[in-house]
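>>> Sequence and predicted structure are below.
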2 protein chains.
Amino acid sequence: MAVPTWLWVLLVLVLNGYGESKYVVYNTTSSIVPGKLNVHLVPHTHDDVGWLKTVDQYYVGSNNSIQGACVQYVLDSIVPALLADKNRKFIYVEQAFFQRWWRDQSEEVQSTVKKLVSSGQLELINGGWCMHDEAATHYIDMIDQTTLGHRYIKDQFNVTPRIGWQIDPFGHSAAQAYLLGAEVGFDSLFFGRIDYQDRAKRKDEKTLEVIWRGSKSLGSSSQIFAGAFPENYEPPSNFYYEVNDDSPIVQDNPDLFDYNVPHRVNEFVSAAISQANITRTNHVMWTMGTDFKYQYAHTWFRQMDKFIHYVNQDGRVNALYSTPSIYTDAKYATNEYWPLKNDDYFPYADRINAYWTGYFTSRPAIKGYVRMLSGYYLAARQLEFFKGKSKTGPTTDSLADALAIAQHHDAVTGTERQHVADDYAKRLSIGYTEAEGVVAASLACMTDLTSNTDCKSSSMNYCPSSEADLSKGKNLVIVVYNPLGWKREDVVKIPVINENVVVRDFRGKEIQSQLIPLLNISVSLRKFHTMAYLGKSPRVSPRYWLAFSATVPPLGFSTYIVSSAKGAAAISKRQLVYKSETSKNYKVSVGPGNLKLVYSGNDDKLTQYINSRSLSVEQSFSYYPGDDGSVDLQASGAYIFRPNGTHPIKTEGQVPLTIFRGPLLDEVHQRINSWIYQVTRLYKGKEHAEIEYTVGPIPIDDGIGKEIVTKLTSSVKNDKKFYTDSNGRDFIERIRDYRKDWNLEVNQPVAGNYYPINLGIYLKDNNTELSVLADRSVGGSSIVDGELELMLHRRLLCDDDRGVAEALNETVCIHDECKGLIILGKYYLRVDPTGEGAKWRRSFGQELYSPFLLAFTEQGGDNWTRSPVTTFFGMDPSYALPDNVAIITLQELENGEVLLRLAHLYEIGEDKDLSVMASVELKKVFANKKINKIEEMSLSANQQRAQMEKKRLVWKVEGSTEEPKVLRGGPVGPAKLVVELAPMEIRTFVINFYSKR
Amino acid sequence: MAVPTWLWVLLVLVLNGYGESKYVVYNTTSSIVPGKLNVHLVPHTHDDVGWLKTVDQYYVGSNNSIQGACVQYVLDSIVPALLADKNRKFIYVEQAFFQRWWRDQSEEVQSTVKKLVSSGQLELINGGWCMHDEAATHYIDMIDQTTLGHRYIKDQFNVTPRIGWQIDPFGHSAAQAYLLGAEVGFDSLFFGRIDYQDRAKRKDEKTLEVIWRGSKSLGSSSQIFAGAFPENYEPPSNFYYEVNDDSPIVQDNPDLFDYNVPHRVNEFVSAAISQANITRTNHVMWTMGTDFKYQYAHTWFRQMDKFIHYVNQDGRVNALYSTPSIYTDAKYATNEYWPLKNDDYFPYADRINAYWTGYFTSRPAIKGYVRMLSGYYLAARQLEFFKGKSKTGPTTDSLADALAIAQHHDAVTGTERQHVADDYAKRLSIGYTEAEGVVAASLACMTDLTSNTDCKSSSMNYCPSSEADLSKGKNLVIVVYNPLGWKREDVVKIPVINENVVVRDFRGKEIQSQLIPLLNISVSLRKFHTMAYLGKSPRVSPRYWLAFSATVPPLGFSTYIVSSAKGAAAISKRQLVYKSETSKNYKVSVGPGNLKLVYSGNDDKLTQYINSRSLSVEQSFSYYPGDDGSVDLQASGAYIFRPNGTHPIKTEGQVPLTIFRGPLLDEVHQRINSWIYQVTRLYKGKEHAEIEYTVGPIPIDDGIGKEIVTKLTSSVKNDKKFYTDSNGRDFIERIRDYRKDWNLEVNQPVAGNYYPINLGIYLKDNNTELSVLADRSVGGSSIVDGELELMLHRRLLCDDDRGVAEALNETVCIHDECKGLIILGKYYLRVDPTGEGAKWRRSFGQELYSPFLLAFTEQGGDNWTRSPVTTFFGMDPSYALPDNVAIITLQELENGEVLLRLAHLYEIGEDKDLSVMASVELKKVFANKKINKIEEMSLSANQQRAQMEKKRLVWKVEGSTEEPKVLRGGPVGPAKLVVELAPMEIRTFVINFYSKR
């Protein structure tokens, strides 16, 4: 009674064909149909080079309890899926993964993959080692990591990636667009994340796709077609086909129940039309994939095969397998006009109150480590080049790999899980260690020509054995290397145990030095971290910093000798230690040279900056309590800066200033409270202040996460405007509570005005420029006129719900005892007359990036000065690069050729003297070698520049007027070998020398 | 300061090989190594033919939000995975899926798969349409569904499955072991679920693997090597490798972090040794897979490749790709002795208080539908054979498919989701509808030789058009078909509108008939369900049941004519309606024949059963409140019977009995309460009572689920013993609170004594047998001596946490108004002298399974009797099968041959007359045809019986004494063509006739 015969009437016919063979061949041959709406299905996987799991865990598919993801399987499964149907296409992006996989493959598979790449079925796009971040990355790192990937691709497949594919980074930089886009020869650039208000307007006005001119200096010569996706980089909803995904599959077997072809075709057509309604031309792109998908590529392709087959049978729209290259060419072929976009896409908010500006500062220790090693890597490659790259010994390659991985948009950003951050640090540490070996070997070779050629037996030490006890008659030899193309004088500081020491130059002449006592607080921090990270106590405790001024030739080194001071010899040059204390209402002026800082008031605050002129500048700390999400579920976290108020941090108690004065520098020590300590240094020859902060452990015993900022409050009338750099390259004007591209609705007056800083930030009015340079990437802003702020450290207790699912609460532990991470960092402050600040920001900024590299060796007696080489000139000793040019790459390649990159450091109009065409004489740069062949290359050195320019697409720009001719350096003549560089120009060469050394 | 260089010391060496090619070829060539522990890795997937999703949804991978599962992908991905390495192996089990997939494949893939099957890389085992349940299934259905799969496999691949693989069913039946195991030619049988107490003892004693003799009658001639897995049918923990599974992969790339080969090898070895400690011989099997796994086979094989490679390099144990066949042969080769197992593995508890005995009754409506259609399918195939199977028109194939699918261990069991239960019902309904077409066409052909040969234009109706108004001079012709091999007389009942009707036999002679009024309650139930399932009201409402006695030849039909009674003609034979009422303290005796039932007492209860002797029998209802899991999280649910007390159901109020008496039968109507109604029928010629219950909607307004039982309480002194059938075949002795194989710890005195009933249950003492037969599979027991109980219906509000994740709360709805499902069912009661009950249980049991099949046609005037054929004899009219034999299959195969199965219905010693060798004369069975060739086959008709017996493995049984020779029928001589059948023997033949009709 209870079991019915219902529904059979409707369904009995369905089973009629039951038992027959139903093999269906899907027609996927479709290509572009001009008269129709073309839906470009772009199969892709987005594989984070570390995020919730480490890069290796993602590759091999371990730790799946955290996230089910295995890149190896993606690539394993793509090959047969593409072979199964030659119309299928796939793009692959992250070379860190691809190269891991490539090395694991048989020659047979490699040969198959070569065919797939060569036929275009498998297209390698973006092609850097990772999909780098665009906010917390330095342009040199971006170039290096892109080059690493592009050259592998070129080498293995003889192809050059055509497309920029920055689909996930959290906002998009001008340097990305022009430098890592147009200058690497990309034909277009695609991305997923732009501000939600911006996106809404662009959808409305069909301006998601633009021509983007990222550089004022290089203008249309470096523009690129750039497309923001309508929503994200995923398929339209209900078109997800990973194993176990729950989008409805196309059930096209009439023998089975739930046949749904007409229904699914309708949904496809309707999604296509809705995208067409916000897109120019009759081409829309569907990004068919998302994070770590295509673990079994078959599941996606099988469904897409069906969609293409049935949708094209239906005929309302045309569906095809495509790639961003095919899509770009199709767009180009339409001859459409495109709107113009300048500047960048920062900051990024994905919804109200959700500004992704926290990650500009998240994990400041990693950010600092990356920046330090970035400069080190540059110098180490120079030294590796000078010695000749080793085939067997240590190389800089593992540091290259570690740094490249660290540029990933969940690495240096600080938006990874803690264990993944540890993994990045470990890789950097391993790479650094190996690179130190390279540096030591190179310097040993270069300083001692009598040693054997591999220089392995060298006693050169890259560790600061300066802590050695010199009282036993030993000398400490310090080799000071200058990676810049300019002669340079800087103060060198090394820790010493003994106060009774003298410093001599390579001629044996004693030079001025200065001792500064190491305070208890520094010693105990050193002990704590040595125990925490190495599990042991330091052998000895240095008692002083020994400072002296070193002068080093361009791309060269000088040597200095530190030894025990016997008797009263040369006492006049010995270090002096001053100590003074201020008391209430006393006004104190500090500075051994031209620049004086004045501290005064109840709390001994910095109040004035005085050199040729005087500016009132106050410096203070405050914190933003991190929102816990209790209002609208949006907490402050690793990605997002969501302050809940502002609180000034008062100096606790009345601990007075401590001032150490000396001939080379003065130091002002301020203990702000139990977890903020600050040292300000003024050097005799410099007109900037160096401010070193020690922040942490940030207290959380009140249950509130905190984001610590330092503020500089001046009388500059900047009228809402301030300037921040783009990846350390071009400066971009920022206007508080304002966006050039749309009418900003302000909901986060602080977080919504934060911008990433890699080089610096400055304010100006008609008279004065107030500039700050940072030692790592940080977030910063000007929330009030006259004020600059930098966010130095963040410790938060809530996750911000963007996937990382961990609070950004970094700690450091001895055994199981953990406390909040302590950050030690520096920034630099300078005041200039308006129009004159660039010189400091650019040239000193470059010195900051490339500090002196020190190496040490011990020697008995006085014989160092009799060493064969005490001074080294990498270039012609009479030659130096012009002040506006830096060598940003000098690297011996695997094949013995040399990669050279020269960068003009100034923007057009930035400086009246230096924003001009510069010239570099390669014959003098390589004075000891003879150039056999030189080829100018694309920025990533994977194709000839001329070829690249020839292929460049010329897009039509809406309402564009004729631009003035963009200034660019001319060709390098083979006889003269002079490289011209226009403002902001970077030129890349591969050089073949006649002989090695 | 904060970022350390820690750990580099340990790890710097790791990166040394970085950049080199690392392609590894894994050595998977291992085979059995005699001196070592051999770990047989058996890659498998367990694919439920419907459970949380429908069979089609599982196949195509739709509805993944319920469960991520796509069988299509499993089979898609297995092919390349096996091709990639010829040492890899895979088994596939469920032909319902495999055949769906097979039909979708190109000839190229089919040809590849044929090679894989023929090489043994892909082995098809178990091989039925599904992995049938073993408790709620009838042996005829088990045979049919196994035959369906086995014959496809034979046809496509020319192979016969060697292994029974019942890894998931919830307990294991004797009929499975001997009938669907040994008798289909399996060399072994494996399963995963046995009682946890049993398992513990078997692990301890190394008796998980046994020789199982399931049949007392067939003994060692039908024994099989049977292995219960140590835990389940999954891999050891931490060896799961589906996409995204989180078991640790083997990280064997020294260039990457987390290299773990030694660790994983140790874990492998240790898991192997721990299994070896509970297993005889040095062979252990690892079931490498589980539900719906291998969606991307590569992910499993890649890891297993590595394990085999590195474990064998390690050398402590020997790992190899294997199959249950290889494993069985290896076990056999050891020449080991094995313990003997009799009876079965019911009931199954997977832990304390968790007896899987609820599903014996769950979804009684589906269970009833399946049983009804099982008998119908048998009859329909006979009629299809008589007419000749149609190449174009309707066939019984879709009913075969639907019934086969319904035998799945989450189908007829009632342990599937509701929407899946609906899908099974829909399939059955579609199959039934098509089979009705076959039946109608066949009967039309057979009754009217003048119609064209395809008989399509027939007016034969399989619908009970008996409701037609006969007052307009029309006659209703009823064709009554008897699928049994015996002549048979039974009462036929049809609903009629008019009370003024007469029944005539095919000679035109009026016969005795009887009208019984249709009560309002029946009419309103009919209306309700018609509206609920068809969305409309019935056209007319019948007012009476018209009953008459039909006599039908074996495998033949008789016709009867119902027409309007004009005048007083034949009034003597007209139906009589009696109605009587009992009142308090009155004693009433009912029954038109030999058997009388006596009702008495305050509540008019049945009290006595009187025929030649008298037995006091009370009948009552009670319910078990379903435990809600609040005590130990184990609720009563679809699988598990977990009562929380017992409550008698009292008759509500004092509604008196209603009794209808007549010449053919008496009916006693009892309204127990608002949701239980009962009709007891006593037929003149029968000595059993038919009890029809209407139970539902079970009230749940008290928030408590309920499980309804009926109890028969007698004076039989059965001393804890009772007998239940195994899949409707052998009866097995059950002893309350006792297990033969281990010392039972009783924790569920009710649920732990429940057993599945498909045919019946009985008690006995020295004098009396009290037998009950059921119309469908139910759970039952004898909880108190003298008492039998059947669970009739279950409505539960909690899920029992075994995966279905839905409460078993069946409802029926009109629009959105739902109420609990109402079950209408029957059971049959009889009392016999001890030793004489089998005759009724076996022969009447077979009649119950194969009721008369009715067909109807209307005819004007009196001309039916002039129809060419009014009686049909399928066999020689003088012949009938012996009383102990039934034709359980008579089916025309695709190739025109005929499949015949004859079953001896009695066990050895069951009946003094009938438990003897029987003979069937095929020449008389097929009187109208001439046998060209006859081959005796295995039970599933996929190989010659003789071949099968020749291959049979002869296992050594521990402590086994010489058995008496098992009785089996001898070979069928081609001249005599007489088939001998020993007790419980089933013999299967494929017959080729000289000509088709």
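Yes, it's here.
>>> For the rest of this, base every contact and every neighbour count on C-alpha atoms.
Fine.
>>> Please tell me how far the residue in the stretch 651-800 of chain A that chain B sits nearest to sits from residue B:893.
Among the residues of the stretch 651-800 of chain A, residue A:694 lies nearest to chain B; the distance is 9.7 Å by Cα to the nearest Cα. Applying Cα to Cα, to the nearest Å, the value for residue A:694 to residue B:893 is 88 Å.
>>> again, but for residue A:710
Distance from residue A:710 to residue B:893, by Cα to Cα: 89 Å.
>>> Looking at those two, which is more packed in?
Taking other Cα atoms under 10 Å in any protein chain shown, residue A:710 and residue B:893 do not tie; residue A:710 has more neighbours (20 against 13).
>>> my guess is that one meets residue A:787, correct?
No - Residue A:710 is beyond contact range of residue A:787, at 10.3 Å (criterion: Cα atoms under 8 Å).
>>> What segments of the stretch 1-150 of chain A are strands?
A:38-43, A:90-92, A:122-124 (DSSP state E, counting those that start in this stretch).
>>> of all those, which lies closest to residue B:742?
strand A:38-43 (59.3 Å; Cα to Cα).
>>> what residue ranges in chain A score low on pLDDT?
Residues of chain A that meet the criterion pLDDT under 70 lie in A:1-21, A:449-472, A:566-585, A:602, A:653-655, A:860-868, A:960, A:962, A:996-997.
>>> May I see the buried residues of the biggest helix by length in it?
Determined from DSSP state H, the single longest helix within chain A is helix A:418-447. For helix A:418-447, burial by neighbour count (16 or more other Cα atoms under 10 Å in any protein chain shown) applies to A:418, A:420-447.
>>> Would you mind measuring from the spatially closest residue to residue A:139 that is not a sequence neighbour to residue A:519?
Nearest non-adjacent residue to residue A:139, counting by Cα to Cα, 6 or more residues apart in numbering or on different chains: residue A:727, 5.2 Å away. Distance, residue A:727 to residue A:519, by Cα to Cα: 36 Å.
>>> ditto for residue A:473
Separation of residue A:473 from residue A:519 (Cα to Cα): 27 Å.
>>> the more surrounded of these two?
Neighbours were counted for residue A:473 and for residue A:519 using other Cα under 10 Å; residue A:473 has more, 15 against 12.
>>> Hmm, residue A:565 and the more buried one touching each other?
No - Residue A:473 lies out of contact with residue A:565 (Cα under 8 Å); the separation is 9.7 Å.
>>> okay but residue A:48 is in contact with residue A:406, surely?
No - checked against Cα under 8 Å, the pair residue A:48 and residue A:406 is beyond contact range at 11.3 Å.
>>> higher neighbour count, these two?
residue A:406 (32 against 27).
>>> excluding its backbone neighbours, what's nearest the more buried one?
Distance criterion Cα to Cα, 6+ apart; nearest residue to residue A:406, sequence neighbours excluded, is residue A:412 at 5.6 Å.
>>> Could you do residue A:758 as well?
residue A:777 (4.4 Å).
>>> Contacts only, for that neighbour.
Residue A:777 makes contacts with A:136, A:137, A:360, A:361, A:364, A:367, A:368, A:371, A:756, A:757, A:758, A:759, as judged by Cα atoms under 8 Å, 6 or more residues apart in numbering or on different chains.
>>> Let me have these in TSV, extended by neighbour count.
Below are these laid out as TSV (neighbours: other Cα atoms under 10 Å in any protein chain shown):
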residue	neighbour count
A:136	30
A:137	29
A:360	31
A:361	32
A:364	28
A:367	25
A:368	24
A:371	24
A:756	30
A:757	31
A:758	26
A:759	27
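>>> Out of those residues, which sit inside helices?
A:364, A:367, A:368, A:371.
>>> ok, so of those residues, who is nearest residue B:79?
residue A:367 (48.5 Å).
>>> how much space between that closest one and chain B?
Distance of residue A:367 to chain B, given as Cα to the nearest Cα, to the nearest Å: 10 Å.
>>> repeat for residue A:646
Per Cα to the nearest Cα, residue A:646 is found 27 Å from chain B.
>>> swap in residue A:961?
The spacing between residue A:961 and chain B, counted by Cα to the nearest Cα, is 50 Å.
>>> what's the distance between that residue and residue A:306?
Counting by Cα to Cα - residue A:961 and residue A:306 are separated by 47 Å.
>>> who are the neighbours in contact with residue A:36?
With Cα under 8 Å, 6+ apart, residue A:36 has these contacts: A:282, A:316, A:317, A:318.
>>> Could you work out the most separated pair of the residues you listed?
A:282 and A:316 (12.6 Å).
>>> Compare neighbour counts for the two and give me the winner.
residue A:282 (19 against 16).
>>> Apart from its chain neighbours, what residue comes closest to that one?
Excluding the flanking residues, the one nearest residue A:282 by Cα to Cα, 6+ apart is residue A:37, at 4.7 Å.
>>> Quick check: phi and psi at that neighbour.
Dihedral angles phi and psi of residue A:37 (degrees, to the nearest 10) take the values phi -70, psi 120.
>>> wait, what's in contact with it?
A:272, A:273, A:276, A:282, A:283, A:284, A:317, A:318.
>>> where along the stretch 851-997 of chain A do the helices fall?
Listed in chain order, the helices of the stretch 851-997 of chain A (DSSP state H, counting those that start in this stretch) span A:922-925, A:945-951.
>>> what's the closest of these to chain B?
Taking Cα to the nearest Cα, helix A:945-951 is the member of those nearest to chain B, at 28.1 Å.
>>> and that closest one, what does it pack onto?
Applying 3 or more Cα pairs under 8 Å, 6 or more residues apart in numbering or on different chains; DSSP states H and E, we find helix A:945-951 packed against strand A:931-937.
>>> Which of the residues in the strand it packs on are classified as buried?
By neighbour count on 16+ other Cα under 10 Å, the buried set for strand A:931-937 is A:931, A:934, A:935, A:936, A:937.
>>> thinking the second one is in contact with residue A:994, fair?
No - using Cα under 8 Å, residue A:934 is not in contact with residue A:994; the gap is 11.3 Å.
>>> Pick the one among the ones in helices among the contacts of residue A:777 closest to chain B.
residue A:368 (8.4 Å).
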